[in-house]
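K.L.:
Predicted model, plus sequence, below.
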Amino acid sequence: MNRYSSGSIIGWIIGIILFCIFEPVIYFGLAYFGGWIMQMCIGTTITNGLNLMFDTTRFTPDIIPLACGTLATIGSFFKTRVIQRRIISYGKVM
């Protein structure tokens, strides 16, 4: 007897595809919100530092949320997850 029906397998596949589509949107939204808070608190200081560092007047406080969202979305594609497995044998961790 099948453990999973064909409907549940298709549901899982569609769910995984939707998750892959909306995960970057969630990252962007959360980082944009964090950038907006940063803009309200220390936006002028950050932009003055960037303008001084790059010797330009291009950076303004209103681009901070967009820059944070973009960098977080790009950075989310380069993250790694390390999974450490432990083998437990007769009460001893190996």
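P.N.:
Now that the structure is in, tell me what you want to look at. Numbers count the residues shown, from 1 in each chain.
K.L.:
Work out for me the element residue 81 sits within.
P.N.:
Element membership for residue 81 (DSSP states H and E) is empty, with no helix or strand holding it.
K.L.:
That one: neighbour count?
P.N.:
The burial metric for residue 81, expressed as a neighbour count using other Cβ atoms under 10 Å, is 4. Just so you know, the C-beta spots here come from the backbone N, C-alpha and C atoms, and that holds for glycine as well.
K.L.:
And the lengthiest helix in the chain, what does it pack against?
P.N.:
When the chain is scanned for its longest helix (criterion: DSSP state H), the result is helix 6-54. Helix 6-54 is packed against helix 64-76, with contacts defined by 3 or more Cβ pairs under 8 Å, 6 or more residues apart in numbering; DSSP states H and E.
K.L.:
could you give the mean pLDDT of the helix it packs on?
P.N.:
Across helix 64-76, pLDDT averages out at 94.
K.L.:
Dump the C-alpha coordinates for it into CSV.
P.N.:
As requested, C-alpha coordinates have been extracted for helix 64-76 and formatted as CSV (Å, rounded to 0.1, in the frame of the first residue of the first chain):
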residue,chain,number,x,y,z
ILE,A,64,19.5,52.7,2.5
PRO,A,65,16.4,50.5,2.6
LEU,A,66,16.7,49.5,-1.0
ALA,A,67,20.4,48.8,-0.6
CYS,A,68,19.8,46.7,2.5
GLY,A,69,17.1,44.7,0.8
THR,A,70,19.2,44.1,-2.3
LEU,A,71,22.3,43.0,-0.4
ALA,A,72,20.3,40.7,1.9
THR,A,73,18.6,39.0,-1.1
ILE,A,74,21.9,38.5,-3.0
GLY,A,75,23.6,37.4,0.2
SER,A,76,20.9,34.8,0.9
